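In: Here you go, sequence then predicted model.
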Amino acid sequence: MAYREIITRPVLTWGTVAVGARLPVAAAPLALVFLVRERPGGYTLGAVLAAVYVVGEIVGAPVLGMRMRPERARPQLAAGLAAGAAGFGALGVAHDAHPVLLGVFAFVAGAGPAAAPGGMRALLTSLVPERAVAQAMSLESVLTFGIWAVAPALTAALALGTAPHAPLLLVAVLMAASVAGLWALPAGWATGDDAAGGGGGTLRVVLGAWPVYVAGAASMTLLALAELILPALLEQRGIAIGWSGAVLAGFSIGSAVGAFVYGLRSWPGRLPTQNLVLLLGVSACVAVVAVLPGLLWIGTGLAVAGVMQAGAMLTRNLALRELLPPGALAAGYSVMYAAVGAGYAASGSLAGGLLRVVAPSTAILAGVCLTLLLAVVGAVGERRVSAGASGGVRAGRVSLPPVSS
């Protein structure tokens, strides 16, 4: 199916609401740094607030995602986004408050809307025919990467040109507007006859897809290490660190291109196999960045890594959709969101520790080795889950074996 066939009014409305819901998430870490950078020890405090925000996301995504009811998701999405808007607004209005209070606001801003990306993705796929799901997810990825490319520049311009707290006030307004926009979308999505049972049943089914979450954490661990160590790597190579912004912009552009290209056609192989191949390709590109000197190699390596990373992300989401029943999709996407966030947070700590004892290029290669290990664990786990289902594949959903007490 061509992209033009899924560009319908409901999908365009969804895209508008998604921009309001996701741009604040993309802007938040940098906005928190700018908020307090003029205070004594401001950059350290900003990093702590950004970490608290990410912890809020990691905690909120699975907890709230598990509680989302597909047939009436709108009130839960609205409540979460409203809490996020309140958290961002409080940070903007009470920007001179005690750091502990700012930390509370940052946690609420991260945790409140953390289940919204998963719920919005499940809602999007309900707006298009089954055969067009891959294209819909590709368009979602293009939109997401576009937002992440624009958000840092917008945040910096507002913080430096208007006021340090201005970006947080803007994202609070955008997230509040996304709450109102939810009423232009369906109240939820159908689950059919294969919806997961509530409570422990949903938890068991969602956690049964753990190899997909491991794959998500693996790719984010690798790329987070590359991004966080990039300035130090450029310095090691004798390149001005000001190029880091252009190099990362190239990565974002490559990711948007990769997401668009993936949705143009069907690709050979099972989704887990595609994901593993793409993950190995990303690892190879990042290894090239670490080993070969010169800005051209670094920029090209990360741009190609971005193309493959987009495909890896899409295959993970599509594989998760095959494994889980519709009633558990929002919860599964939310757990994936938490796993990716945990991978990024762990990478930040790993990057800081490695740079104390090894060169930046060696630290990146260590991240490649860790990624390959996680990729192998995920691939082996996927085979075991498929085998454990013992022929339980029906209509693209895996019936997981019962959990013994």
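Out: Sure thing, it's come through. Numbers count the residues shown, from 1 in each chain.
In: just so I have it, where are all the strands in this structure?
Out: Listed from the start of the chain, the chain has strands (DSSP state E) covering 393-394, 397-398.
In: Of those, which shows the lowest average pLDDT?
Out: Taking the mean pLDDT of each of the strands of the chain, the lowest value is held by strand 393-394, a mean of 39.
In: show me the contacts for the residue nearest the centre of the chain.
Out: Taking C-alpha atoms, centre = their mean, the centroid of the chain lies closest to Y337, which sits 5.6 Å from it. Under the criterion of C-beta atoms under 8 Å, 6 or more residues apart in numbering, the contact list for Y337 reads E57, A61, G65, A114, P117, G118. Any C-beta I mention is one placed from the backbone N, CA and C, and that applies to glycine too.
In: What is the neighbour count of the first one?
Out: Under the neighbour criterion other C-beta atoms under 10 Å, E57 is assigned a count of 27.
In: Look up the pLDDT of it for me, please.
Out: Predicted confidence (pLDDT) for E57: 92.
In: again, but for the third one
Out: Note for G65: predicted pLDDT of 88.
In: Equivalent analysis for the fourth one, please.
Out: Among the per-residue scores, A114 holds a pLDDT of 92.
In: Can you tell me the number of residues neighbouring it?
Out: 27.
In: surely it meets V55?
Out: No: A114 is beyond contact range of V55, at 10.5 Å (criterion: C-beta atoms under 8 Å).
In: Turn the contacts of Y337 into a markdown table, including distance to P272.
Out: Below are the contacts of Y337 laid out as a markdown table (distance: C-beta to C-beta, whole Å):
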| residue | distance to P272 |
| --- | --- |
| E57 | 26 |
| A61 | 23 |
| G65 | 22 |
| A114 | 26 |
| P117 | 22 |
| G118 | 20 |
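In: quick check, nearest of the residues you listed to L225?
Out: The shortest gap between L225 and any of these belongs to E57, at 19.3 Å (C-beta to C-beta).
In: what's that closest one in contact with, if anything?
Out: By C-beta under 8 Å, 6+ apart, the residues touching E57 are V25, G110, A111, A114, Y337, A338, G341.
In: and the contacts of Y337, which of them are in helices?
Out: Among the contacts of Y337, the members falling in helices are E57, A61, G65, P117, G118 (criterion: DSSP state H).
In: Leaving out the residues flanking it, which one is nearest to the third one?
Out: Pointing back at G65 there. S334 (2.4 Å; C-beta to C-beta, 6 or more residues apart in numbering).
In: Number of residues surrounding the one you found?
Out: Applying other C-beta under 10 Å, we find 29 residues neighbouring S334.
In: now do the one 10 residues further on
Out: When neighbours are defined as other C-beta under 10 Å, Y344 has 20 of them.
In: Please report how far it lies from G146.
Out: Relative to G146, Y344 is positioned 20 Å away (criterion: C-beta to C-beta, to the nearest Å).
In: now swap in A187 and tell me
Out: A187 sits 28 Å away from G146, taking C-beta to C-beta as the criterion.
In: Compare those two (neighbour count), which wins?
Out: Applying other C-beta under 10 Å to A187 and G146 shows that G146 carries more neighbours, namely 18 against 14.
In: and the nearest residue to the more buried one once chain neighbours are set aside, what is it in contact with?
Out: Nearest in space to G146, with sequence neighbours left out and distances taken as C-beta to C-beta, 6+ apart, is A256 at 6.0 Å. Contacts for A256 (C-beta under 8 Å, 6+ apart) come out as S141, V142, F145, G146, A149, A310.
In: run the last query once more with 6 Å
Out: With contacts defined as C-beta atoms under 6 Å, 6 or more residues apart in numbering, A256 is in contact with V142, F145, G146.
In: I'd like the distance between the closest residue to P211 other than its chain neighbours and G343.
Out: The spatially closest residue to P211, leaving aside those adjacent along the chain, is G381, at 3.5 Å (C-beta to C-beta, 6+ apart). In this view, G381 and G343 are 16 Å apart by C-beta to C-beta.
In: Equivalent analysis for E71, please.
Out: In this view, E71 and G343 are 32 Å apart by C-beta to C-beta.
In: These two - which one has more neighbours?
Out: More crowded of E71 and G343, by other C-beta under 10 Å: G343, with 24 against 14.
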